[in-house]
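Undergrad: Give me a 3D structure for the following:
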Amino acid sequence: MSQVSFGRQSVMIDQRDCGTVQVIGLTAGPGVFPRMTIQLSFQLKERDSQAAQPRPIARYKIRALTGELRLQQYGDSIGELRWLDPGNTPLVNPDSGEWQSILGMELDPWRLERLELWRAGKPPVFWLQLWPSIVSVDHGWYDTSIQSFACSVPREAWLSVLDVFQEKRFLVLEVPCLSRHVDGFNAVGVHLSRALTRLDEGQFSDAVVACRLAMELLIGLAKQGRGELSDALSTCTDDRRGAEYAKLVVAFKDVTNLSVHASAGPPQFTRAEAVFVVQMTQHAVALIGNLVSAP
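TA: Have a look, this model is predicted:
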């Protein structure tokens, strides 16, 4: 079975084409901040001008490996790639010529948000620049170069990476729910989770619809047995704050209603609008959940 490849490029050793490197995986790695890892496979061959077919390379090691991930071939650097397994420097397999390794890069929330804005719901195409150092056990260091090459990440692969990043990208909402509210807040959480998924998939209007459903449930939970929303929130704070919070929540819910009640048909929300609605919904859940669950 052939390996899946997101992109490949020739490996030049002493100005000779001595094989290829390809990206065979892109995943989310462990870390305090989101970490993206890139799995590489090198296929190295000796090029003998006297031989009709290339033969597997022998007694070679890759002793250093760095890289850079970019949005364009020669610019818009996302960040530096670090070699995550530098101790893994066995000889290149003499039969197949293969050697695999992993590079990683930390993604702070700001850079991840910029990537999502640039991607705009489409499968990302990155550019990868690698700088390996290859040494022969018998002959020492070689002059090695790899031109930058495109890495086309399938949409499903990128979404699986974002799934792991979710808890690091968004605020963790700790909502202390009374027993009578647990089922209701769980249902709100389902809609909010769906909104985050639709946001990653580029379905921005659907993300707003999911937030609308979450807000309707949330307001209903707050009003249970307490009259109007302002009355319910005033009970938890005071009359003035309760009235102002209620105005904000209702006005925000009216924005989400535009996703289904526009006279000319549902508008297409942009990513910036969807991010705003999702984040505001999260804050509304955190605020109202804490207020209505307070003694």
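Undergrad: Distance check, residue 216 against residue 205.
TA: Going from residue 216 to residue 205 by Cβ to Cβ, to the nearest Å gives 17 Å. Backbone N, C-alpha and C define where each C-beta goes, glycine included.
Undergrad: How about residue 270?
TA: 9 Å.
Undergrad: Surely residue 4 touches residue 23?
TA: No: using Cβ atoms under 8 Å, residue 4 is not in contact with residue 23; the gap is 9.2 Å.
Undergrad: If you tally nearby residues, what's the number for residue 32?
TA: 7 (other Cβ atoms under 10 Å).
Undergrad: So it, which state does it fall into?
TA: At residue 32 the chain is in coil, as set by DSSP: H, G, I helix; E, B strand; the rest coil.
Undergrad: which outside residues touch stretch 132-148?
TA: Residues outside stretch 132-148 that contact it (Cβ atoms under 8 Å, 6 or more residues apart in numbering): 9-15, 21, 42, 44, 59-65, 70, 73-74, 91, 127-131.
Undergrad: Wasn't residue 28 part of a helix?
TA: No: Residue 28: not assigned to a helix; according to three-state DSSP it is strand.
Undergrad: For the closest residue to it other than its chain neighbours, grab the count of nearby residues.
TA: Closest residue to residue 28 apart from its sequence neighbours, by Cβ to Cβ, 6 or more residues apart in numbering: residue 164 at 3.6 Å. Using other Cβ under 10 Å, residue 164 has 16 other residues around it.
Undergrad: What separation do you get for residue 164 and residue 193?
TA: 14 Å.
Undergrad: now residue 84
TA: In terms of Cβ to Cβ, residue 84 sits 30 Å off from residue 193.
Undergrad: Compare these two (neighbour count), which wins?
TA: Per other Cβ under 10 Å, whichever of residue 84 and residue 193 has more neighbours is residue 84, with 16 against 13.
Undergrad: show me the contacts for that one.
TA: Contacts of residue 84 (Cβ under 8 Å, 6+ apart): 29, 37, 102, 103, 104.
Undergrad: Mark which of those are part of strands, please.
TA: Among the contacts of residue 84, the ones falling in strands (DSSP state E) are 29, 37, 102, 103, 104.
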